[in-house]
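J.: The following comprises the amino acid sequence and a computationally predicted model.
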Amino acid sequence: MKDTHHRGPATAITELQGTAEQGRLVLAEVLDRIEAAFPAAARRHRLGPGAWLVPLGVGGDGSMLIAMAPAGRPRDRGSAQLVLSATLLDRAEIGEADAAKALGCLEGVPFTEFETDAFAEQLPLLAGLLERVTDKPLGGCGVVLVGHLLSDLVVQAQTLIALGARPEAMTVLKKEYPHKLRSRVEAHLAALGIAVLPVSDAETALRLHAARVCEPSVVIDDGGHVLPTVTRLAPELLPSFQGLVEQSPAGIEELGDAVPVPVFSVAQSAVKRGIEARWIAESVVRSIRELVPEKNFDGGQALVIGYGVVGEQVAAVLRGQRMRVAVYDTEWRRLVAAHEAGYLTAPDLSALLDGHRPTLIVCSTGQAGQAGQAGAAVQAGEDGQAGQAGLGGEDLDFLPGDCFVASVSGRASEIDLPGLIERAERVEEVPRVGVRYVMPNGPVTVLADGLRVSGPRGDRVPARQSDLTMAALVWGACTLARPGNGFAAGHDVARTDASIAESGLVERYYQLYGPDR
């Protein structure tokens, strides 16, 4: 007897942009993909322009209606918003696994040329490197790229290829964040011929890369995932890597001092410390206000935990918006710097929580908060601070009621969520906001479920400051790929800054976004 209770969805929809011809090409690829998964699909029937009836099983056990159609009137010269849709017919005849597999064929659709051109237009500094770098320096090496599955990663990968990188010699280590377009980004990279593997199993991915690519590789890392993995777990692979470009202060901390390859440290560059740090802080505060628009933080108390490069800017932005800001840091020199800048400080976090009673708490250490302060594991921070713990442990007992907690870290939650659950009288989901923990002292709302509050939502194209950083990363990869680049093993921030200055990226940034723009 067949199960007639179908719990899974019966439809799938993918929205894309492109010309009618580009839509037909995408539809043909999807039909081929379904046929590879379901041999019976070879007996598909064309119902009309852009519409097919596709059988899924032998003997008529279920079928699927697939169509590609414009969503509305073309905006210009035949380019339009296209809708690729699939509907399962005879749903009761199809098992849950087969239904998910069939509908899943629509999720991983590569981007059209129209879409990738639009992505590149939003990243003029990154895409513009093709005019500045004419020698295709990446042609003689492999490339390992760590990143989020966002549209900007597509532009970054295509720029690397245009600068000489061979897709078959490239590996992308994907960060497993639930971005809306992650399936399409991964499918597009795979269609380019690039291996895409999870960063959570970096050792396996790097061993596969080294076995596949004969030439030494340049690494573009974000968080110290590649070289520390090699040195700890696969030191015999070190000759396979000729240089590292790192964009995260956390990654620099992970590396330590004894680094066996040259490091192009965008993370420590003037570009990262200056322009991007301020932008990150502004985007964090803006995202907090967007998540709780009904909450008026003006004139209220705020607490910034972690006074590193980004934390300092977060505190300044909050003070600029008329909040009374306190700062906590476990590192004495940072605590002194915050005091000298005029912020309320204390060497005891619980004292600040109990005395200042902040309405808004922003954690910017990049650390895991599960251990609290006492006995916290020493990890590398998003803000470049070693040894700084996040919000957790006994400090949670001093949280004031009716407060909001946000994390700046893009690496992991630095808020002790298990500790909050243990102490909470009840836990409530707040749709599109986060989670509310009803504590003895009152409700504590953790924004964005404890993840990075300014993380991309809806796969928005990065802001111009991010464009500058990404362009600097690719410039660094080109620099390290050239023989006689002047970089020796280890950190060389001064040479990194000199190279970025030579690139003309900052000047171009000013021309694009400076006064009167």
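T.: Structure's in. What do you need? Residues are numbered from 1 along each chain as shown.

J.: What is the burial count for the nearest residue to residue 233 once chain neighbours are set aside?
T.: Excluding its sequence neighbours, the residue lying closest to residue 233 (CB to CB, 6 or more residues apart in numbering) is residue 203, at 4.8 Å. All C-beta atoms are positioned from the backbone trio N, CA, C, and that covers glycine. Taking other CB atoms under 10 Å as the criterion, the count of residues near residue 203 is 13.

J.: Isn't residue 203 up against residue 235?
T.: No - applying CB atoms under 8 Å as the test, residue 203 and residue 235 come out as separate, 11.5 Å apart.

J.: just to revisit the earlier point, which pLDDT value belongs to the residue nearest to residue 233?
T.: Residue 203 is assigned a pLDDT of 97 by the prediction.

J.: got the CA coordinates for the longest strand seen in the chain in CSV?
T.: Criterion DSSP state E: the longest strand present in the chain is strand 80-89. The C-alpha coordinates for strand 80-89 follow below in CSV (Å, rounded to 0.1, in the frame of the first residue of the first chain):
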residue,chain,number,x,y,z
ALA,A,80,13.3,40.1,-17.5
GLN,A,81,12.6,38.6,-14.2
LEU,A,82,12.1,34.9,-14.9
VAL,A,83,10.4,32.3,-12.8
LEU,A,84,11.4,28.7,-13.0
SER,A,85,8.7,26.6,-11.3
ALA,A,86,8.0,22.9,-10.7
THR,A,87,4.9,21.3,-9.4
LEU,A,88,4.6,17.6,-8.4
LEU,A,89,1.6,15.9,-9.9
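
J.: Work out the gap between that strand and the centre of the chain.
T.: Relative to its chain's centre, strand 80-89 lies at 28 Å (CA atoms, centre = their mean, to the nearest Å).

J.: for residue 346, phi and psi?
T.: phi -160, psi 150 (degrees, to the nearest 10).

J.: Now do the helices in the stretch 51-200 of the chain.
T.: Along the stretch 51-200 of the chain, the stretches classed as helices by DSSP state H, counting those that start in this stretch are 96-104, 113-121, 124-127, 129-132, 151-162, 182-192.

J.: residues making contact with the longest strand of the chain?
T.: 10-20, 23, 26-27, 30, 53, 62-75, 94, 99, 102-103, 105-106, 109 (CB atoms under 8 Å, 6 or more residues apart in numbering).

J.: taking these one by one, which sit in strands?
T.: Judged by DSSP E, the contacts of strand 80-89 include 11-18, 53, 63-70 as members of strands.

J.: Any chance of a PyMOL selection covering the buried ones in the residues you listed?
T.: Buried residues within those, by 16 or more other CB atoms under 10 Å, are selected in PyMOL with:
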select buried, resi 12+14+16+17+18+63+64+66+67+68
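
J.: Find the nearest non-adjacent residue to residue 258, please.
T.: With CB to CB, 6+ apart, the residue lying closest to residue 258 is residue 490, at 7.8 Å.

J.: Correct me if wrong: the one you found contacts residue 263.
T.: Yes - the criterion here is CB under 8 Å, and residue 490 meets it with residue 263 at 6.6 Å.

J.: mind showing which ranges of the stretch 101-250 of the chain have poor pLDDT?
T.: Nowhere does the stretch 101-250 of the chain drop to pLDDT under 70.

J.: do that again at 80, thanks
T.: Across the stretch 101-250 of the chain, the ranges flagged by pLDDT under 80 are 177-179.

J.: ok, now the stretch 301-450 of the chain?
T.: Using pLDDT under 80, the stretch 301-450 of the chain drops low at 366-389, 409-413.

J.: Take the helices of the stretch 51-200 of the chain and lay them out in TSV including mean neighbour count.
T.: Listed next are the helices of the stretch 51-200 of the chain as TSV, based on neighbours: other CB atoms under 10 Å:
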stretch	mean neighbour count
helix 96-104	16
helix 113-121	17
helix 124-127	22
helix 129-132	14
helix 151-162	22
helix 182-192	20
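
J.: Quick one: closest of those helices to residue 445.
T.: Taking CB to CB, helix 182-192 is the member of the helices of the stretch 51-200 of the chain nearest to residue 445, at 26.8 Å.

J.: what angle sits between the closest one and strand 11-18?
T.: 60 degrees (axes from the mean of the first three to the mean of the last three CA atoms, to 10 degrees).

J.: Which residue would you name as the spatial centre of this protein?
T.: residue 148 (3.5 Å; CA atoms, centre = their mean).

J.: ok, it - contacts?
T.: Counted by CB under 8 Å, 6+ apart, residue 148 has contacts 174, 175, 177, 179, 456.

J.: for the first one, what are its contacts?
T.: Applying CB under 8 Å, 6+ apart, we find residue 174 in contact with 147, 148, 149, 182, 186, 196, 197, 198, 199.

J.: now it: how far from residue 35?
T.: Distance of residue 174 to residue 35, given as CB to CB, to the nearest Å: 27 Å.

J.: Now residue 90: phi and psi?
T.: According to degrees, to the nearest 10, residue 90 has phi 50, psi 50.

J.: swap in residue 50?
T.: Backbone geometry at residue 50, expressed as degrees, to the nearest 10, gives phi 70, psi 20.

J.: and it, how many residues sit next to it?
T.: Around residue 50 there are 17 residues (other CB under 10 Å).

J.: Equivalent analysis for residue 92, please.
T.: 11.

J.: need the helices for the stretch 401-517 of the chain, in chain order.
T.: 417-423, 464-481, 493-503, 505-513.

J.: how big is the angle separating the second one from helix 151-162?
T.: Angle of helix 464-481 versus helix 151-162, following the same axes, to 10 degrees, is 30 degrees.

J.: Helix 464-481 vs helix 493-503, what angle?
T.: Counting by the same axes, to 10 degrees, helix 464-481 lies at 110 degrees to helix 493-503.

J.: And for the last one?
T.: Using the same axes, to 10 degrees, one finds that helix 505-513 and helix 493-503 are set 50 degrees apart in direction.
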